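Student: 3D, please:
(6 chains)
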Number of protein chains: 6
Amino acid sequence: MKVVVSIGGSVLAPDLGSERVRAHADVIEDLAAEGCTVGTVVGGGGVAREYIASARDLGANEIELDDIGIDVTRLNARLLIAALSEQAAPSPPEDYESAGAAMHRGDIAVMGGVTPGQTTDAVSAALAEYTNADLLVYATSVPGVFSDDPNETDDAQKYDELTANELVDVIAGLEMNAGSSAPVDLLAAKLIERSGVRTIVLDGTDPERIADAVRYGEHEGTDVLP
Amino acid sequence: MKVVVSIGGSVLAPDLGSERVRAHADVIEDLAAEGCTVGTVVGGGGVAREYIASARDLGANEIELDDIGIDVTRLNARLLIAALSEQAAPSPPEDYESAGAAMHRGDIAVMGGVTPGQTTDAVSAALAEYTNADLLVYATSVPGVFSDDPNETDDAQKYDELTANELVDVIAGLEMNAGSSAPVDLLAAKLIERSGVRTIVLDGTDPERIADAVRYGEHEGTDVLP
Amino acid sequence: MKVVVSIGGSVLAPDLGSERVRAHADVIEDLAAEGCTVGTVVGGGGVAREYIASARDLGANEIELDDIGIDVTRLNARLLIAALSEQAAPSPPEDYESAGAAMHRGDIAVMGGVTPGQTTDAVSAALAEYTNADLLVYATSVPGVFSDDPNETDDAQKYDELTANELVDVIAGLEMNAGSSAPVDLLAAKLIERSGVRTIVLDGTDPERIADAVRYGEHEGTDVLP
Amino acid sequence: MKVVVSIGGSVLAPDLGSERVRAHADVIEDLAAEGCTVGTVVGGGGVAREYIASARDLGANEIELDDIGIDVTRLNARLLIAALSEQAAPSPPEDYESAGAAMHRGDIAVMGGVTPGQTTDAVSAALAEYTNADLLVYATSVPGVFSDDPNETDDAQKYDELTANELVDVIAGLEMNAGSSAPVDLLAAKLIERSGVRTIVLDGTDPERIADAVRYGEHEGTDVLP
Amino acid sequence: MKVVVSIGGSVLAPDLGSERVRAHADVIEDLAAEGCTVGTVVGGGGVAREYIASARDLGANEIELDDIGIDVTRLNARLLIAALSEQAAPSPPEDYESAGAAMHRGDIAVMGGVTPGQTTDAVSAALAEYTNADLLVYATSVPGVFSDDPNETDDAQKYDELTANELVDVIAGLEMNAGSSAPVDLLAAKLIERSGVRTIVLDGTDPERIADAVRYGEHEGTDVLP
Amino acid sequence: MKVVVSIGGSVLAPDLGSERVRAHADVIEDLAAEGCTVGTVVGGGGVAREYIASARDLGANEIELDDIGIDVTRLNARLLIAALSEQAAPSPPEDYESAGAAMHRGDIAVMGGVTPGQTTDAVSAALAEYTNADLLVYATSVPGVFSDDPNETDDAQKYDELTANELVDVIAGLEMNAGSSAPVDLLAAKLIERSGVRTIVLDGTDPERIADAVRYGEHEGTDVLP
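Tutor: Residues are numbered from 1 along each chain as shown, chains lettered A, B, ... in the order given. The predicted structure follows:
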């Protein structure tokens, strides 16, 4: 089985401590040991937000801010690589071909961002598409895809299952109303739609949930079916 | 004045002939001679469609098709560079920093695509954002932004003016209903919205229209205001 | 057995359709499955000629035209890679070391051109030399090496066998009299001479002829012996 | 006058806020406006220490930790670049040739680290050597070179002036006794010695001190004479 | 005036001493000071021959030997760059675009070889073609183009003037009979023919001869007219 | 067992002949055949000294001289690669990640220098650190670490065994008194100290001594214990 795991920056390293990173690395190593081909994409989290806020104050434009965010995602990727050690490609691949080549060789690829104007949500979907992955898991800080922002609206409802088409509609609606509170962004949703890769969005703060979703398809998040 | 001109592949080179390329180059040279700093982004057009159709038949996935499309956009960029000669950076910049550096030196930058999952529409908006351009012109094969696909719906109405927010809504609506018939895609619209760059969408088959839009703000397309 | 197969652009994709590409890919996969280490080099064909004609009209110099031709050969290489899928290195190697490294890993390398001033004929010979190949096959649109241009001269005679020295003399004579109608160019002939790689020039429009030449040494083209 | 300014990470961005960065950028812009050719090298500071501590916990070896530190120095360089805007090369040069080329063009170069096993202290000295700078200023968090660690030893004495030879001896002594508390490391001291570039070590928390040292040679730090 | 000067390795640095390099640098600086745009290409000479002989003994194939030769040409280029100092691009450009960009900026470009299978003779012709140079000068160790190898044949006659077509014929004849004793190789001759760049082949051991040829068209070598 | 072997340039190729290179290659191949993972780092030797002397005459600064030295180390690395043939990565890795990746794949990595301001002594120690090597062997032209320069002082004593701490002190002392006559430089000693890699310094002119040291820990040089 070939799986791409997208780990949000604040899920992986909420405080730059090593515990969460180690726990996620353990799960990824277990999956690899069980025969999975694994690619991972890591987000920026709090450090990215701090650097970006400071650079925005200093007059950076949005593309420059994206570049700074990408650099932080690659730093976070290096933390996960450190924990994975010999099993991971030694530095974060900067494009899909390098990541795919690493996975083809049997290494675990750990990417960060790729280019301005694209989040790591979209990078994850593109990597899954490029490598013809069987499954794409988004390990986020919310427990799935909701009809509305659950932090702001009491009656926001979690979807247990969506088609990729429906996902695009839901995310488009969320982005139009509620800013960027969606667990995956619209470009990612569209890539999921065009690639037809099965996708799960779940709360990844406990990485065992990722393992269960990959191994048994069991999870309490949202299933996105092609 | 700093301007980014996005030229669709079928606008620039509908048949790989040199006439249209020369006509667009003439306009861009004139603008540069009048003191404009100019960046251009060129699309893929018919050759891209043919290669992509063939590669899809052969089993390429969508990211691989994007890579093929990007290669064709860079070939088309080389045609425009040939016509611009000494005034253009000698090869198509492959990222925003190189393009920005070329424009900073006083050269005309001619880019194609940058990365899979992103059209040249989005690249144009990102280049305008990165270089803090004063104006972004989309020279497309339709005369502006419409409420619906004008080729399919008789009562589709052209917008003379839109805010960037409205543009995002219109494009999102079009993409959901009518496939990819929108003159710019949604990611581009969102980049336009966040950057606040003034944007004009017009029929670019006659390149003099681009010149008039840049020089006098006169055109029969759609004005997108920040 | 290690073999380098050079496939002319008009042999591989006379019309950008997928059938010929698929047929060639099938043969190459068969050879790889039988234990051959395979490198391929793909030419530019009709698309290259169209782009080059247009760019020449626009004022490009010969080196710029070579660069455009190289880009098209790499696009054609991507078509063959798409058809070969997992067995091929995922993008066209741009130098001999990368191609050799891919073949060393057991992947099929699919190159296009390398540098201005050198055709894919010469690239094929250089790749064969660099990888110490046992055999180099030129799959061209003519059935072998002739004493004269068979399209222009009725009594042009096909050579069944030549030494590499004789090949250089024949090609030098052809180039001096008859333009570029030789099936391989002079630089390629000289590389074949210095490397001592056994070489076969044959009509590759039916790719089974390549397979027979590699498997059994049987073909109706020209054998070039060290 | 050509000057290289080395700014410690905790001097530039003790807390990732933008104020210090802006203040340093203002001074560097003033110097450039007065005709100086300026190269800067930025350190890693607190963020680097946090990432490195976490990666060490996770099992990274020292070279991998150096790589992480280098990535953070380049992030910090991007903050300074954001504040300098158009006057700075748009991304941190990753080797001396690129930095020198930027300075040669009249841009301000802002580097971070270059390679594992080398601190930004040494990078600063190497950049000064490579560009034949007239002056190298280390803006550190201590007010100069001391005979001993001033934080640990009451009678540590600050040197007002040292030869480069003496600097090497002092730093060698400090490193052997007191860990890495020296304001510049030994490799940097040796590069200063071999290049013969005049060097000033001063407390850079108030960047005006850098300006005074460059403009008038006035400072309360340590002067290292060739 | 734009001129490309090709300097043979044994002309530039017969013994790795600095005198000849300095003398050539002085001439090139003078030409640049007089307003010429200058590109130079440097050969490998004796050091290349020694390394290649040793590597051939060790079993390197011809492409690997070419790679070693290229590395030595770049080392020799660094010597000339050292002598030219600030006026030269700081490292040898490795392709024509970088060299052309350096010359476009007003720097002197100093190249070595580019790719296996191509001598620096051919690189020089390609650089002249790419940059649309007005003149190409080959500073060799023989005083021009001869009808035969002057070291082996008493009645070898020097040509004062040749068309580019004739040059190709003469070189082709020489290569067929007398090994590689021709002052420029056949690929170079063909590039000269197709580009139509005026070319002079002369004895460059005294670099003043290069200066006279560029300034006044006066020389005792061979003039190759388009 | 994973071992890094550092071979001085004058040890490997005192006169650019092939015999010494072949002898060293034979030993390295034997070690690889016995199951060792081997990385090697090659120095510059006499050719480097000649080029550097000439470039210094011509006005190159120390960083430019370092760059020239690095180029020569890579040429020497190509000689060793030629002798190792298929078992070695085909070109000298230019950073630690590439070298480590080659060793991870089972290839023998042959590096030269990496960056100015760092000798191949330091590169060797960094490669050993990066790859978590079990052993680092310096094959030098002196038989070990001495208390003083044995060529200048009669009573210089060879150390049979040192801790890494002691090594740093001894080398620091030597560098301060006696120029660069130490068999490894101070930066290398510090990297050895921080990495804790067991290190042997021995006379490598007879490469069998390297083999004995790796196989049995038997040698007449100096043992550096973590």
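Student: Run through who's touching the lowest-mean-pLDDT helix or strand in chain A.
Tutor: Lowest by mean pLDDT, DSSP states H and E among the helices and strands of chain A is helix A:164-178, with a mean of 83. By Cβ atoms under 8 Å, 6 or more residues apart in numbering or on different chains, the list of residues contacting helix A:164-178 from outside reads A:145, A:147-149, A:152, A:159, A:162, A:181-182, A:184-186, A:189-190, A:192-193, A:196, A:199, A:224-226, B:168-169, B:172, B:176. (Each C-beta comes from the backbone N, C-alpha and C, glycine too.)
Student: In strands only, show me those.
Tutor: A:162, A:199, A:224-225 (DSSP state E).
Student: Could you identify the buried members of these?
Tutor: Among these, those scoring as buried are A:162, A:199, A:224 (criterion: 16 or more other Cβ atoms under 10 Å in any protein chain shown).
Student: Please name the nearest non-neighbouring residue to residue A:70.
Tutor: In space, and not counting its chain neighbours, residue A:70 is closest to residue A:113: 3.6 Å by Cβ to Cβ, 6 or more residues apart in numbering or on different chains.
Student: Quick check: which element contains residue A:84?
Tutor: helix A:62-84 (DSSP states H and E).
Student: circling back: and the angle from the least confident helix or strand of chain A to helix B:164-178?
Tutor: For helix A:164-178 against helix B:164-178, the angle by axes from the mean of the first three to the mean of the last three Cα atoms, to 10 degrees is 160 degrees.
Student: and helix A:164-178, C-alpha only, in CSV?
Tutor: This file holds the C-alpha atoms of helix A:164-178, laid out as CSV (Å, rounded to 0.1, in the frame of the first residue of the first chain):
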residue,chain,number,x,y,z
ALA,A,164,-14.6,14.4,-3.8
ASN,A,165,-17.1,16.6,-5.7
GLU,A,166,-18.9,17.3,-2.5
LEU,A,167,-15.6,18.1,-0.7
VAL,A,168,-14.9,20.7,-3.3
ASP,A,169,-18.3,22.3,-2.8
VAL,A,170,-18.0,22.3,1.0
ILE,A,171,-14.6,23.7,1.0
ALA,A,172,-15.5,26.4,-1.5
GLY,A,173,-18.4,27.4,0.7
LEU,A,174,-16.3,27.5,3.8
GLU,A,175,-13.6,29.5,2.2
MET,A,176,-16.1,32.0,0.9
ASN,A,177,-17.7,32.5,4.3
ALA,A,178,-15.3,31.8,7.0
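Student: In it, which residues are buried?
Tutor: Quick answer for helix A:164-178 (16+ other Cβ under 10 Å): A:164, A:166-168, A:170-172, A:174-175, A:178.
Student: OK, contacts around residue A:117?
Tutor: A:63, A:66, B:118, B:122, B:125-126, B:187, B:191.
Student: Let me know how buried whatever residue of chain A ends up closest to chain C is, in neighbour terms.
Tutor: In chain A, the residue that lies nearest chain C is residue A:97 (5.1 Å; Cβ to the nearest Cβ). A count of nearby residues for residue A:97, using other Cβ atoms under 10 Å in any protein chain shown, gives 17.
Student: mind checking the SS state of it?
Tutor: helix (DSSP: H, G, I helix; E, B strand; the rest coil).
Student: I'd say it and residue C:88 touch.
Tutor: No. Counting by Cβ atoms under 8 Å, residue A:97 sits too far from residue C:88 to count as a contact (12.0 Å).
Student: picking that back up, of the buried ones among the ones in strands among the contacts of helix A:164-178, just say which sits nearest to chain F.
Tutor: residue A:199 (31.3 Å).
Student: thinking again about what came up before, which one of the contacts of residue A:117 sits closest to residue D:9?
Tutor: residue A:66 (22.7 Å; Cβ to Cβ).
Student: Can you name the residues that contact that closest one?
Tutor: Residue A:66 neighbours (Cβ under 8 Å, 6+ apart): A:113, A:116-117.
Student: Save those as a markdown table, and put in secondary structure and pLDDT too.
Tutor: Output for the contacts of residue A:66, formatted as a markdown table (DSSP: H, G, I helix; E, B strand; the rest coil; pLDDT from 0 to 100):
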| residue | secondary structure | pLDDT |
| --- | --- | --- |
| A:113 | coil | 97 |
| A:116 | coil | 94 |
| A:117 | coil | 91 |
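Student: quick one: which of those is nearest residue B:19?
Tutor: residue A:117 (33.2 Å).
Student: how close does the closest one sit to residue A:189?
Tutor: As judged by Cβ to Cβ, to the nearest Å, residue A:117 and residue A:189 stand 16 Å apart.
Student: Got phi/psi on the most centrally placed residue in chain A?
Tutor: By Cα atoms, centre = their mean, the mean C-alpha position of chain A lies nearest to residue A:6, the distance being 2.3 Å. For residue A:6, the backbone dihedrals (degrees, to the nearest 10) come out as phi -100, psi 120.
Student: who does it bridge with?
Tutor: residue A:41, residue A:138 (DSSP bridges).
Student: Up against chain C, what does chain A have?
Tutor: A:97, A:100-101, A:104-105 (Cβ under 8 Å from any Cβ of the partner chain).
Student: how about 7 Å then?
Tutor: Where chain A comes near chain C, counting by Cβ under 7 Å from any Cβ of the partner chain, the residues are A:97, A:100-101.
Student: and which of those is nearest to chain E?
Tutor: Checking those against chain E by Cβ to the nearest Cβ gives residue A:97 as the nearest, at 21.4 Å.
Student: list the contacts for the nearest residue to residue A:202 once chain neighbours are set aside?
Tutor: Nearest non-adjacent residue to residue A:202, counting by Cβ to Cβ, 6+ apart: residue A:221, 3.0 Å away. Residues near residue A:221 by Cβ atoms under 7 Å, 6 or more residues apart in numbering or on different chains: A:143-144, A:200-203.
Student: All set now, cheers.
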